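Peer 1: Pasting the sequence and the predicted coordinates here, then a few questions.
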Amino acid sequence: MKKERIARWIVIILVLTAIGVPLGSWWLSRAQGTQIEIHARMPENGGWSIDTIQAKVGQPIHLRLTSDDVVHGFALGKSDMESWLSIFPGEYVETTLVFEHPGKYIFYCTRWCGLNHWRMHGEIIVTGEGDPIPGDSLPLFLQYNIDIDAPHYAENIPSSPPSVERGSRFSDRLPNYAIDKQTYFLTSPEGLWLKLRSEPSLSDLSDMDIWDIVRWIWDRQNSSNSQSLGFKLFMALASAAHGESGRGDGVMARGLPVMDHSNMGSGLVRPPDFTDPHVLLSASPAILEGKIIRGGMGTGMPSWGSILSRDQIHSIIDYLYTIAWESIK
Amino acid sequence: MPMESLPYKTTPTNWKRWAWVIPYAGLALLILFIPLPLPFHAPQDRLLRIEASSFQFTPGEIQINPGDRVTIELVSTDVVHGFSLDAYGFELKADPGQTATGTFIADQAGVFRFRCSVACGNLHPFMIGKLQIGPNLLFFRGIALGLLAISAALISVRNVSRGTT
Amino acid sequence: MTRLDLTRSPRALALLRSRWPQFLLRAITLAGFIFTILAGLMGSVVGSHNFAIIFVWIAWWTALKLAFIPFGGRSWCSICPIPMPGEWLQNGGILQPRGSMGIGLGKRWPKVLRGTWIQAGGFLLIGLFGALTLTSAKITAIVLLFILVLALALSLVFERRSFCNYLCPIGGFSGLYAQAGPVELRVKDTDICAAHIEKTCYTACPWGQYPLALKSSANCGLCMECLRVCPSENIAVNLRPWGSDLGPKTKHRIDEAFLGLVMLASALVDSAIFLGPWGQLKSAAYNIGSPDWFLFAGAFLITALGILPGLYVGATWAANRFGSTNASLRKSLAHYSQVLVPLGLMVWIAFTISFAFVKFGYVLPVVTDPLGWGWNLLGLTKSAGVGETTSFSLVLQVAMLTVGLFWSSRVALRISETIRQAAPLIAFSSLFTMAMLWLLVG
Ligand SMILES: [Cu+2]
Ligand SMILES: [Cu+2]
């Protein structure tokens, strides 16, 4: 009977070990939890397991991120692309965040994880002493009371690709307003072309010469750095919907109806075709900025105002115009 | 009884009965491994656009010829997927909206599976496609081996000398 | 036929006779089983990072089909932990032979439920829900827990290992193919048994077998209880040529044919789902309850209960007509079920090579981090790669299928009177092998 008792103890000890290891370490990790473990899941499966995080000014929070299904990303709203994290299924990535200002911060998923990817965001509520988060300036369309939903379609477009280089030859003949930053922001390329076309001092120039000038002005207003950052942001965040070439045929949107006036406001539609010069040449940076900040009001275009910084949005706009210019055949 | 003598029931094995095994094994190896000439096709450049969605590749079955220069455009349509081709060590990963492109020369003939290389959900381990490069010789070798197996079975049983009428 | 009796070696005999080696293995597998259930319930929901998925479906399932069965018949049953808790209660001890000291009603298993019918049904269920079970650690754990509890509950109502004998799908699988395995337990001298009145071996057998009457390895779980209680050292554990239970004179039941056909259908369907390039089929098999799944389930059941049995019945009917004696079709269906044994065994081996070789890379990472909580017990530096099918694996699959066709054809010929009579069954085997060949390397 002694052997029987030894055998029983062996079974009991082994089984208790098998139960104790997972339960014990689970309990330990709970008890001394200095980290916040967040599971990323597709929005259909619940999105972020924690979508509101509380923090104190100046006190670091340690996040331990993992994914339960597909590849996701993690970024704070308005943060640089370099700080974006990728979250791989079953693997852990850790990050520590410290906040200087009290207020509400956004975090969001940066890698497309299905049709509802853009819904995947959460908040970090930071409390404590300090100046509030510096706010963005008022969007241009609000400052200048522009209706960004008014239909626009350029009546005039260049008959051949305009050239920055040719446009620069006329730079000393331009009226002052033409190279003004504010003019650039509030005027569409077509609008500026019409304005310059009606300038008596430029009446000797051909239509194409004027387009060269507009192209040169647009190029002056944004740097190639900004364009390439805009390109990266567009590819990461937008191309799955707008298409890699901007044609509006992204993999997430290609099955949707084409937007026209009959289905305005009646649900999801395909994004506009940026490679059609009529579309972007009739839109001012202020309109594009407004659309990006506010979103598409039911078309499926999310609101980016709290997710992207104003500079990031302007980079994207800079990049968008290069699509339009380069699509002119 | 001596305890160490292991066998307890032995009828002397008639090894001659199994002599046929040697030529048959040789034949089987020959069928499996003999190099066969492949029909020649002038190599061509091929552009294959493959869409990856959970949990399939479209197209999932592709046929090309040996020597072809293959450019794969991998387009993910829902979440991040990958494309990893057996035996070629060729891999692509694509986010939705960011087509991944890569080129390789199809210098090995046969049927190769390609599989998703980025975890993309429960069925990810079984997200598989098939790339056939030239004729599927292994399949035909398999059929020939099957015929050989049946004839081997006939021989093995005939040699057992059971009366077959 | 040549036999090598392991009990003639004193060392092997001591090892088999002592309860300790087997007990320790079973205690470890029991702890592992319980750990697996917990890992499945508590660990990562990402299958490749969960011990339960990888150890059940990659490591154990592969070991069963590539090692335990082909080299040891029902050897897994001898160390399986599932009946252990129930037997502790039944026998009133864990290191005890069967006796009357324990608790439990000890009822006999109802006659109508005997045979391998329920086991075959269980295997069908595994197939119907396989895509989910195979990929969800939670479901895997729930199934394991259910099996453990069911076995325990049944052991309190019914005598011996009723669960193993009549319900366990793996028991059915192992038992069927153990007939082709190279291990058997038999009596040495039938006269000694005949003269022995107490039949202590029968009393001790948790499987309800009487060693003297044992003709097939299908029902013997190699637990060695009879060997331990035999007063005359009359039990032999033989190594034998593969396929020894298959022959013209061995007895077979019609439910073996059904079980064999269900196994074939499962191998076919699993190959199509898990190894094929058809994404819609995978999704259909996975989305249980969806209209697509019902289509899939219908197709699966038609294959398992309609097409394959139909072909088999047709082949048997033809074989019957070519025979000289007028055996009933029912008898012939049972008789020719032997052909399905080597065919099925080798097909499952080929499938496993294709299925599991690619995924062995997942095993070490879940040893180092069994729950997928980010541990690194072994200090590994890299995670699992994608894996690939090598040309070696492909050739091996073809070789295994070839061996299967050779073997089943040989069995068909040996149990037929004429080549003509065997031909329909050889044709059946060829057709099936070709389908598998196409699924695996086509
Ligand atoms: Cu996401
Ligand atoms: Cu994938």
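Peer 2: Nice, thanks for sending it over. Ligands and ions are numbered 1, 2, ... in the order given.
Peer 1: for the record, mean pLDDT for stretch C:256-263?
Peer 2: What stretch C:256-263 shows for mean pLDDT is 90.
Peer 1: what do you get for stretch B:16-36?
Peer 2: What stretch B:16-36 shows for mean pLDDT is 87.
Peer 1: which residues touch that stretch?
Peer 2: If you take CB atoms under 8 Å, 6 or more residues apart in numbering or on different chains as the criterion, stretch B:16-36 is touched by B:137, B:141, B:144-145, B:148, B:152, B:155-156, B:159-160, C:395, C:398-399, C:402. (Each C-beta comes from the backbone N, C-alpha and C, glycine too.)
Peer 1: Those residues in helices, which ones?
Peer 2: The helices, defined by DSSP state H, take in B:137, B:141, B:144-145, B:148, B:152, B:155-156, B:159, C:395, C:398-399, C:402 from the contacts of stretch B:16-36.
Peer 1: Return the two entries of those that lie farthest from one another.
Peer 2: Spanning the widest gap among the ones in helices among the contacts of stretch B:16-36 are B:L137 and B:N159, at 31.8 Å by CB to CB.
Peer 1: ok, the two, which is more surrounded?
Peer 2: The neighbour comparison of B:L137 against B:N159 (other CB atoms under 10 Å in any protein chain shown) goes to B:L137, with 17 against 14.
Peer 1: mind checking how far the closest residue to the more buried one other than its chain neighbours is from C:E256?
Peer 2: Spatial nearest neighbour of B:L137, chain neighbours left out: B:L36 (5.9 Å); criterion: CB to CB, 6 or more residues apart in numbering or on different chains. From B:L36 across to C:E256, the span is 41 Å (CB to CB, to the nearest Å).
Peer 1: Who has more neighbours out of the two?
Peer 2: Neighbour totals were compared for B:L36 and C:E256, and C:E256 leads with 26 against 10 (other CB under 10 Å).
Peer 1: Wasn't that one part of a helix?
Peer 2: Yes - according to DSSP: H, G, I helix; E, B strand; the rest coil, C:E256 belongs to a helix.
Peer 1: mind listing what it touches?
Peer 2: Counting by CB under 8 Å, 6+ apart, C:E256 touches C:116, C:176, C:218, C:334, C:337, C:340.
Peer 1: Okay, and the second one sits in which element?
Peer 2: Secondary structure assigned from DSSP states H and E places C:L176 in helix C:169-178.
Peer 1: and whatever residue of chain B ends up closest to ligand 1, what are its phi and psi?
Peer 2: Relative to ligand 1, the nearest point of chain B is B:V79 (8.1 Å; CB to the ion). Here is the backbone geometry of B:V79 (degrees, to the nearest 10): phi -130, psi -180.
Peer 1: ok, the closest residue to it other than its chain neighbours to C:K138 distance?
Peer 2: Using CB to CB, 6+ apart and skipping the chain neighbours, the partner closest in space to B:V79 is A:V70 (4.0 Å). In this view, A:V70 and C:K138 are 18 Å apart by CB to CB.
Peer 1: These two: which has the busier surroundings?
Peer 2: More crowded of A:V70 and C:K138, by other CB under 10 Å: A:V70, with 27 against 17.
Peer 1: What strand or helix carries the spatially most central residue of chain B?
Peer 2: For chain B, the residue nearest the mean C-alpha position is B:V111 (6.0 Å; CA atoms, centre = their mean). In the assignment (DSSP H and E), B:V111 maps to strand B:110-115.
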